[in-house]
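Participant: Show me the folded form of this:
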Amino acid sequence: MKIKTSELIGPALDWAVAEIEHAQVVLDGDGDSVLCEYGGTAYNPSEDWTIAGPIIYAQSISTFRLDDQIVVDAAGFDTGKRRPVWGASLERHYSGPEFNSYGEAVGRVYTVDHSDVVVGPTQLIAAMRAYVASRLGDEVEIPEELT
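Facilitator: Numbers count the residues shown, from 1 in each chain. Below is the predicted model of the structure:
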C-alpha cells in the first residue's frame, strides 16, 4: 500500500528507514518492526536516538522547532494546549562566516531551504521522514501489515 512520506509514523516509518539502511526486518503478528540483524533488538529509529542519531549525523539532517499546533477538542474548540511541531531538512546551504561581537570569524552560518522541510510531532519523526523522502520520494510502498 502506498503512503505519503509526510504521513509515515511508527512501525511503517521504521520499516521505510530499514529499507534504506538495508537492515533485515521481520514483521511479527502485531505489525511491529523487529530487527534481526542486531541480535533481535527492536529497530525503531523514529523513537530511539541511538539508532537515528548516527543517521542524522551522517546525512547532515537539520532539525528545528516550528510553531506549536493548537490542540482542539471534538467540537473544534481550543483546549489551551499546544502540540510541538518539528521540521527537518537535508538541504543546508552555506551562507557565510559567523562572527562574534568582536568581529572575529568563529564559525559558519548555514541556512535551510524551507521548501524541502518535512514536519513531524517529534525531532526523530521529522528527521526520519526527511531521510525517507530524500531517498524514496513523496510516497512509499509499505507492507499491508504496517498500515
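Participant: continuing past the helix or strand of the chain with the lowest mean pLDDT, what's the next helix or strand?
Facilitator: Within the chain, confidence by mean pLDDT, DSSP states H and E is lowest for strand 33-35 among all helices and strands, at a mean of 53. Following strand 33-35 in sequence order, the next helix or strand is helix 49-59 (DSSP states H and E).
Participant: gap between Trp49 and Glu139?
Facilitator: 27 Å (Cβ to Cβ, to the nearest Å). (C-beta placed from N, C-alpha, C; glycine too.)
Participant: Looking at those two, which is more packed in?
Facilitator: Glu139 (14 against 11; other Cβ atoms under 10 Å).
Participant: Quick one: residues contacting the more buried one.
Facilitator: By Cβ atoms under 8 Å, 6 or more residues apart in numbering, the contact set of Glu139 is 2-5.
Participant: Beta-bridge partners for it, please?
Facilitator: Lys4 (DSSP bridges).
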